[in-house]
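Novice: Provided below for reference: sequence and predicted model.
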Amino acid sequence: MSGNGLAGKVAIVTGGASGIGASAARLFAAAGAAVVLADINRTDGAQVADEIGAGALFVQHDVRLASDWDALFEKAEHKFGPVSILINNAGIAVAPVSLEDVSEADYRHMIEVNQISCFLGMRAAVPSMRRAGGGAIVNVSSVAGLKAERGAIAYTASKFAVTGMTKVAALDLAKDGIRVNSVHPGLVETPMVRPAEGAEAFDAIMQFAAGLPIPRLGQPEDIANLILFLASDSASFLTGGAYLADGGWTL
Ligand SMILES: NC(=O)c1ccc[n+]([C@@H]2O[C@H](COP(=O)([O-])OP(=O)(O)OC[C@H]3O[C@@H](n4cnc5c(N)ncnc54)[C@H](O)[C@@H]3O)[C@@H](O)[C@H]2O)c1
């Protein structure tokens, strides 16, 4: 079928318990897809899946673990059939910290969650997508996957890697009818940028957002709509692309 409708498709959304991932899962379900929400956060993930209803399944899943990826695709395929859409969205960020103060353990942890996750997910997706007759992968990078962010060496490295591996995957998987694109959100109002740790930092973020060409924080739906488009057959000629949704920040 063409258009943004996803009827008959089976989608996996990582980080589906919160923010952009939860929004994408809701939009996908509304567009007719069966949706598997994967997250380490069982409580919130199961709640979002319950709200969506019969077309949704929650699977507890750590994106860092290859064994969890195998189990995730097995469960998704068992419940709904071969998977044709994967949204690699789960991720973490930390408060800005200068390069010299970043511990090796923290750097490695960021790379595992934000970067190695995407590699493992794309690799695990291939057999199921072949059985589905093709597919679409959307990797959620960041503005920080295209330009340097002060005080964010590990995050920026992880997101540049996602931008690059998206392009290699697009080349490697085109023969299987699998399209791979990355999206690059600017500042989006989710628990990632509105942490519990205090209003002061968030006030500074709001001030920054007010100075953008589109003078506001993004909302999860602003990004989820782009993800939906890229995952749908409307985007059938798009692969290897890096798509910004940043309110004009990088202009
Ligand atoms: N919010 C922003 O301003 C912004 C900007 C650019 C890019 N992004 C990217 O968007 C994506 C979604 O972020 P968000 O803003 O919705 O954040 P969020 O914190 O609301 O959601 C992230 C989700 O990822 C899950 N997660 C974390 N580690 C995991 C792991 N090891 N295994 C499985 N799940 C794990 C969390 O439990 C959470 O549900 C991230 O990749 C983030 O880097 C966000």
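Specialist: Arrived safely, thanks for sending.
Novice: any idea how far Ser103 is from Ala71?
Specialist: 31 Å (CB to CB, to the nearest Å). Yep, even glycine has a C-beta here, placed from its N, CA and C like the rest.
Novice: who has more neighbours, these two?
Specialist: With neighbours defined as other CB atoms under 10 Å, Ala71 and Ser103 compare such that Ala71 has more, 16 against 10.
Novice: Could you tell me whether that one really is in a helix?
Specialist: Yes: if the criterion is DSSP: H, G, I helix; E, B strand; the rest coil, then Ala71 is within a helix.
Novice: Next up, the contacts around it.
Specialist: By CB atoms under 8 Å, 6 or more residues apart in numbering, the contact list for Ala71 reads Val59, His61.
Novice: On the pLDDT front, check it for me.
Specialist: Listed pLDDT for Ala71 reads 98.
Novice: swap in Ala201?
Specialist: Ala201 is assigned a pLDDT of 76 by the prediction.
Novice: Name the SS class of it, please.
Specialist: Here Ala201 is recorded as helix under three-state DSSP.
Novice: and the gap between it and Leu27?
Specialist: 29 Å.
Novice: In terms of packing, which of those two has more residues around it?
Specialist: Using other CB under 10 Å as the criterion, Ala201 and Leu27 rank with Leu27 on top: 21 against 13.
Novice: what residues are up against the more buried one?
Specialist: Here Leu27 is in contact with Glu221, Ala224, Asn225, Ile227, Leu228 (CB under 8 Å, 6+ apart).
Novice: To which secondary structure element is the closest residue to the third one other than its chain neighbours assigned?
Specialist: The shortest distance from Asn225 to any residue other than its chain neighbours is 6.9 Å, reached at Leu27 (CB to CB, 6 or more residues apart in numbering). Secondary-structure assignment from DSSP states H and E places Leu27 in helix 19-30.
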